[in-house]
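K.L.:
Provided below are the primary sequence and the corresponding predicted coordinates.
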Amino acid sequence: MSNLTLRRIFVWSVSLVLGFVITILLFEVLFPILIPEEAGKNIFRDYGLGYTLGTALPIALIFVAWLDYFMDTRIHAD
């Protein structure tokens, strides 16, 4: 594999992990602070897996855009 391919795999991997971590932190930390009635609810049961993925993927794409810029992986067209 070329160096560019390895960097692209790294960008996608890190971005997806960060997207899911940020989503879980949003629902486990931020929402209970802003809406105390939501504290203690199960994220996947109450919010749903589809909505969790629908939230995590756009957040991950933000990380893809920034990591693509800084690591020069040329995922996005110039």
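P.N.:
Great, that's in hand.

K.L.:
Tell me where this protein has helices.
P.N.:
3-25, 31-34, 49-71 (DSSP state H).

K.L.:
Could you export those to CSV, including columns for mean pLDDT and mean neighbour count?
P.N.:
In short, each C-beta sits where N, CA and C put it, glycine included. Formatted as CSV, the helices of the chain follow (pLDDT from 0 to 100; neighbours: other CB atoms under 10 Å):
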stretch, mean pLDDT, mean neighbour count
helix 3-25, 95, 15
helix 31-34, 85, 12
helix 49-71, 94, 15
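
K.L.:
Just put these in JSON lines and tack on distance to residue 40.
P.N.:
Converted to JSON lines, those look like this (distance: least, CB to CB, whole Å):
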{"stretch": "helix 3-25", "distance to residue 40": "15"}
{"stretch": "helix 31-34", "distance to residue 40": "8"}
{"stretch": "helix 49-71", "distance to residue 40": "17"}
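
K.L.:
Can you tell me the closest non-neighbouring residue to residue 58?
P.N.:
Leaving aside its sequence neighbours, residue 58 sits nearest to residue 19 (CB to CB, 6 or more residues apart in numbering; 7.9 Å).
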